[in-house]
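> after the sequence you'll find the predicted model.
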There are 2 protein chains.
Amino acid sequence: EYMDFFEPLPFLPPIPADNTMTPEKIELGKMLFFEPRISASGVISCATCHNPALGWADRIPRAVGHGGQVGERNTPTVLNSGFLGAQFWDGREPDLEGQALGPIQADIEMNMTLAEAIERLKEFEIYHEHFAAAFPDDADPINQGNVALAIATFERTLNTPNSPLDRFLQGDVQAMTEPQVAGMKLFVDAGCVACHNGPALTDSNYHRFELPGSKDEGRFLVTGDEADMFAFRTPTLRNVAVTYPYFNNGSVPDLEGAVQLMGQQMLGQDFSDEELDSLVAFMHALTGEMPDLVIPALP
Amino acid sequence: EYMDFFEPLPFLPPIPADNTMTPEKIELGKMLFFEPRISASGVISCATCHNPALGWADRIPRAVGHGGQVGERNTPTVLNSGFLGAQFWDGREPDLEGQALGPIQADIEMNMTLAEAIERLKEFEIYHEHFAAAFPDDADPINQGNVALAIATFERTLNTPNSPLDRFLQGDVQAMTEPQVAGMKLFVDAGCVACHNGPALTDSNYHRFELPGSKDEGRFLVTGDEADMFAFRTPTLRNVAVTYPYFNNGSVPDLEGAVQLMGQQMLGQDFSDEELDSLVAFMHALTGEMPDLVIPALP
Ligand code: HEC
Ligand code: HEC
Ligand code: HEC
Ligand code: HEC
Ligand SMILES: [Ca+2]
Ligand SMILES: [Ca+2]
Ligand SMILES: [Ca+2]
Ligand SMILES: [Mg+2]
């Protein structure tokens, strides 16, 4: 009956009707994801911060971008991001298409105008071919809308099925260890599952969280609604063991600390050492199979 | 008879007797090559500048490193670097083992002390395992000497056999186009092959080169010998079509310009358009098969 609270990760997230998934779009999106020429310095790509060697994130507290500037927030993984109901810690973009053009322009990330990014791409014959193949109905396919569509399509392939939890839910009772099973039960009984549910273990909703030392107003910055002050979108817990450090400013280095703070802040509860161990063990059961990746050869 | 001037690229470069090649060392070296935690910022690895998506270089004129600082020189590819008789544009290190620790410490590259780099690696249990497997005879294997040995071993796997030239030399007369064959002959007849010879198409020797606008004193900075003023080590021409821009400061954007300047400066000769086309076509015949790469999962 505990298993009813969880869903195995599907191989693909929902695909929007206005951005169908094709091999050509995936391939183009992959190139763009690894493309540093769409940054002002020519050296920063999406993959710089969402590094495939580091769980598609960066494993530092707050992102380092253009000119070595340090941002305000921790880089979330892009793994399984197609399963999220809202993008960014504050949910300010509804979907991956809306998200993709933000970091190119953000002055502390890639610091580029979209017009110049498009000009740079147009210099390469190979991009003309790839955009034409991905968007065969467009007369002038190299444009910012199509950059967003292609990157989002690629991101929807970055899923991590077959974690121990998934295999357990699919009937392989050996897939999780005893402490992991105990952790799964406590995760339900303690109430974590109220917010961390669904295939990506997030409700994609906003919850007030007082992170010691943080002044980030979170969702309030988007809505201006006092009720949203210090509220953040619940993040996915998929692969959480490989996406340290934790929370919106990356200030908590390990899972023990993150789980304890969740218990205290969200549930008013202090876990015993044993409880904490089992919850942390369960977090490790959420690490899935990393996507196969052939690094694209860029022009 | 023209073919006698060329050598197909072997699958492996010479392996030094004091750094045998083992799968464990290759795997560890790969991890270290992609490891940003051995940089001060935590975000710059060897692969940042020697980017596998960009011919294992960066495709910008001069490297961008720590804090966005721009260096003085163009990033050479690490592909086939095991075949070079000397490392760096000025040949200041004899081999890959000697080279590897330089960029970690260079303040405009990774800006890290080796002691701190070693401390950071020691924090990860997985590195203890990998160093022990790679260096089974060492009591305390996580040390700077072994970092250099492992990185160099990995680099010796980054070779690009089976270029059109290689296949042509091995008897496949269709492997090169007519202009490429004409370019190969001119490359011999004009005298390029005097300096660009051997499996990597370099003599690993130093030649004076007056690059318009450059004040870089090259080999002189290493030897202090006036005869070495403005002399640079001949670079490999393997994969030169994918390692633009050209020359020690990356000031020449395309192969046409690079080959013309070589003719003028090194051979006192101005090539006709047709000659230039065939030499450039031949340069494209030097692009080999990129190494298969599975991005390592770092701890
Ligand atoms: C300089 C580092 C950096 C670069 C470059 C970067 N990102 Fe991000 N990314 C971040 C940070 C930090 C956040 C969180 C920002 C926030 O929530 O306000 C983020 C958030 C995201 C999210 C939302 C994930 C979630 O769980 O909400 C996606 C998707 C994403 N980035 C994709 C991309 C793409 C695509 C690119 C390139 C076009 C890119 N990123 C470039 C650092 C970076
Ligand atoms: C009321 C909603 C809610 C409940 C209940 C809740 N969480 Fe969370 N969880 C969140 C939100 C929101 C965040 C993001 C906080 C931030 O960084 O601003 C989060 C973050 C986390 C993180 C860090 C993820 C990351 O990538 O940084 C972990 C781990 C976590 N939760 C585990 C748990 C566990 C275990 C429980 C139960 C003990 C739990 N959560 C209960 C909403 C909740
Ligand atoms: C910030 C950019 C940057 C980083 C980081 C970097 N390199 Fe380099 N690399 C360069 C540049 C620039 C040169 C040429 C410097 C010179 O000749 O003086 C170079 C030269 C080399 C060479 C010599 C190749 C030749 O043809 O002479 C090798 C091998 C090499 N690097 C390997 C590495 C390794 C291994 C690391 C990580 C430990 C690394 N590099 C980190 C930019 C970088
Ligand atoms: C006398 C020796 C010598 C001769 C002859 C010579 N080269 Fe070079 N070549 C060099 C040296 C040295 C460099 C590096 C110059 C620099 O960047 O400082 C170089 C660089 C190059 C480059 C740029 C490589 C890169 O990665 O930046 C190309 C292309 C090239 N040579 C092709 C040719 C061709 C084609 C010919 C004949 C027309 C030729 N070379 C003749 C020594 C020579
Ligand atoms: Ca994180
Ligand atoms: Ca040596
Ligand atoms: Ca170059
Ligand atoms: Mg939208």
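Thanks, I have the structure now. Ligands and ions are numbered 1, 2, ... in the order given.
> residues touching residue A:57, list them.
Shown in contact with residue A:57 (Cβ atoms under 8 Å, 6 or more residues apart in numbering or on different chains): A:49, A:50, A:51, A:74, A:75, A:76, A:77, A:78, A:243. Just so you know, the C-beta spots here come from the backbone N, C-alpha and C atoms, and that holds for glycine as well.
> among the residues you listed, name the ones in helices.
Among the contacts of residue A:57, the residues falling in helices (DSSP state H) are residue A:49.
> any chance of JSON lines for the contacts of residue A:57, columns distance to residue A:220 and neighbour count?
Below are the contacts of residue A:57 laid out as JSON lines (distance: Cβ to Cβ, whole Å; neighbours: other Cβ atoms under 10 Å in any protein chain shown):
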{"residue": "A:49", "distance to residue A:220": "25", "neighbour count": "23"}
{"residue": "A:50", "distance to residue A:220": "26", "neighbour count": "23"}
{"residue": "A:51", "distance to residue A:220": "30", "neighbour count": "24"}
{"residue": "A:74", "distance to residue A:220": "18", "neighbour count": "24"}
{"residue": "A:75", "distance to residue A:220": "22", "neighbour count": "25"}
{"residue": "A:76", "distance to residue A:220": "19", "neighbour count": "21"}
{"residue": "A:77", "distance to residue A:220": "25", "neighbour count": "22"}
{"residue": "A:78", "distance to residue A:220": "25", "neighbour count": "23"}
{"residue": "A:243", "distance to residue A:220": "25", "neighbour count": "24"}
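> check whether stretch A:43-54 contacts ligand 3.
No. Stretch A:43-54 stays clear of ligand 3 (Cβ under 6 Å from any ligand atom), getting no nearer than 8.6 Å.
> do that stretch and chain B meet?
Yes. Using Cβ under 8 Å from any Cβ of the partner chain, stretch A:43-54 reaches chain B at A:43, A:47, A:48, A:49, A:51, A:52, A:53, A:54.
> now tell me what touches that stretch from outside.
With contact meaning Cβ under 8 Å, 6+ apart, stretch A:43-54 is reached by A:32-36, A:38-39, A:56-58, A:63-66, A:75, A:77-78, A:103, A:109-110, A:151, A:242, A:290, A:293, B:34-36, B:43, B:47-49, B:53, B:58, B:60, B:64, B:295-298.
> outline the domain layout of chain A.
Annotated domains of chain A cover A:2-7+A:160-284, A:23-155 [automatic domain parsing].
> re earlier: so which of the residues of stretch A:43-54 next to chain B also contact ligand 1?
Among these, the residues that sit close to ligand 1 (Cβ under 6 Å from any ligand atom) are A:48, A:49.
> before we move on, back to that, highest mean neighbour count out of the domains of chain A?
domain A:23-155 (a mean of 20; mean count of other Cβ atoms under 10 Å in any protein chain shown).
> distance from it to the middle of the chain?
13 Å (Cα atoms, centre = their mean, to the nearest Å).
> save the domains of chain A as TSV, and put in mean pLDDT and distance to ligand 6 too.
TSV is the format used below for those (pLDDT from 0 to 100; distance: least, Cβ to the ion, whole Å):
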stretch	mean pLDDT	distance to ligand 6
domain A:2-7+A:160-284	97	36
domain A:23-155	97	28
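> just so I know, which of those lies nearest ligand 4?
For the domains of chain A, proximity to ligand 4 was assessed by Cβ to the nearest ligand atom; domain A:23-155 is nearest, at 17.4 Å.
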